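**Q** Using only what follows, build the 3D model:
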Amino acid sequence: MLIKTADLWKIYRVGTEDIHALQGVSIEIERGEYVAIMGPSGSGKSTLMNLIGCLDTPSRGTYELNGRLVSSMNDDELAHIRNKEIGFVFQTFNLLPRATALHNVELPLIYNGTFSDQRKGKAKEALRLVDLTDRMHHKPNELSGGQRQRVAIARALVNNPSLILADEPTGNLDTTTGIEIMNLLTRLNEKGNTIIVVTHERDVAAYTKRTIFIRDGKVEKEERKVAAV
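**A** Okay, the predicted model is just below:
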């Protein structure tokens, strides 16, 4: 089991009011799965993503990632988990504008202290996996939107993480490019990567093998794609 949450709550205090963003969410995700977390704005899906990505901590309940109880970790421990265990892909790409694609992909390796000669090789291999070897020395403003997202995916892959967490990965892309990116994520999952896609779009969720629907801070239902015979 890669991910296990039990009775996960997140409560925000706004003035004198308590906002219950998550209300007792319990989910399990196996290693190698391809899962969508889907729901409308305000449903709690982004809050759940932040907890799964160790960007926030729950108000109560437990969260285990790769056999480790991360819900009780301190900030330094969570930062280590984020760097080693999770690769993030964001809607807005989050690339350094003055750095080349290669250097952007190297960043997680710089943060975790990987030696320089090893960094280059790992970053080049990650760019090869997303078919961007011929653009590795280009800066973001010299790349298309789809190419920028491929750089972001390569950066997410470079540490060989347990989990790739993609937040609205096609949100800033045209339809054709969005399809290319979702096909790329599908190929990466077929190679064994565990991928969670957070989205409000059914056509994006359709690429995954299981969809968890969140509404009003709770798991509303789940759907599994039936494999073709």
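**Q** what residues does the helix or strand hosting Asn183 touch?
**A** Using DSSP states H and E, Asn183 sits in helix 175-190. Where contact means CB atoms under 8 Å, 6 or more residues apart in numbering, the residues beyond helix 175-190 that reach it are 32, 34, 129-131, 144-146, 149-150, 153, 157, 164, 166, 169-170, 173, 195, 197, 204, 207. (Each C-beta comes from the backbone N, C-alpha and C, glycine too.)
**Q** low-confidence ranges in this protein?
**A** 227-229 (pLDDT under 70).
**Q** Dead centre of it: give me the residue that sits there.
**A** Leu165 (1.0 Å; CA atoms, centre = their mean).
**Q** secondary structure class for it?
**A** strand (DSSP: H, G, I helix; E, B strand; the rest coil).
**Q** Could you shift the numbering so residue one becomes 80, and keep it that way?
**A** With 80 as the first residue, the last one maps to Leu244.
**Q** how close does Lys199 get to Glu112?
**A** When CB to CB, to the nearest Å is the yardstick, Lys199 and Glu112 sit 32 Å from each other.
**Q** which residue packs closest to Glu280, ignoring adjacent ones?
**A** Thr249 (7.5 Å; CB to CB, 6 or more residues apart in numbering).
**Q** show me the contacts for the one you found.
**A** Thr249 touches Gln228, Thr256, Gly257, Ile260, Met261, Thr278, Glu280, Val283, counting by CB under 8 Å, 6+ apart.
**Q** Same check on Ala231?
**A** Val168, Phe169, Phe172, Asn173, Leu174, Asn183.
**Q** Tell me where this protein has helices.
**A** Along the chain, counting by DSSP state H, helices occupy 124-131, 154-164, 180-190, 195-208, 224-236, 254-269, 281-284.
**Q** Give me the contact list for stretch 286-302.
**A** The contact list for stretch 286-302 (CB under 8 Å, 6+ apart) reads 89, 99-106, 112-119, 122-124, 126-127, 261-262, 264-265, 274, 276, 284, 303-304.
**Q** returning to what we had before: ok, now which ones touch the residue nearest to the centre of the chain?
**A** Met128, Ile131, Gly132, Ile165, Gly166, Phe167, Val168, Ala235, Ile275, Val277.
**Q** switch the cut-off to 10 Å
**A** 116, 128-129, 131-134, 161, 165-169, 235, 273-277 (CB atoms under 10 Å, 6 or more residues apart in numbering).
**Q** what's the answer for Gly132, then?
**A** By CB under 10 Å, 6+ apart, the neighbours of Gly132 are 144, 157, 160-161, 164-167, 242, 244, 246, 275, 277.
**Q** Dig out what the residue nearest to the centre of the chain forms beta bridges with.
**A** Counting by DSSP bridges, Leu244 is bridged to Phe167, Ile275.
**Q** swap in Tyr142?
**A** Thr84.
**Q** what number of residues lie near it?
**A** For Tyr142, the count of nearby residues is 23 (other CB atoms under 10 Å).
**Q** Go ahead and confirm it touches Thr136.
**A** Yes - using CB atoms under 10 Å, Tyr142 is in contact with Thr136, at 8.6 Å.
**Q** what is in contact with these two at once?
**A** Between them, Tyr142 and Thr136 share the contacting residues Leu130, Val149, Ser150, Ser151, Met152, judged by CB under 10 Å, 6+ apart.
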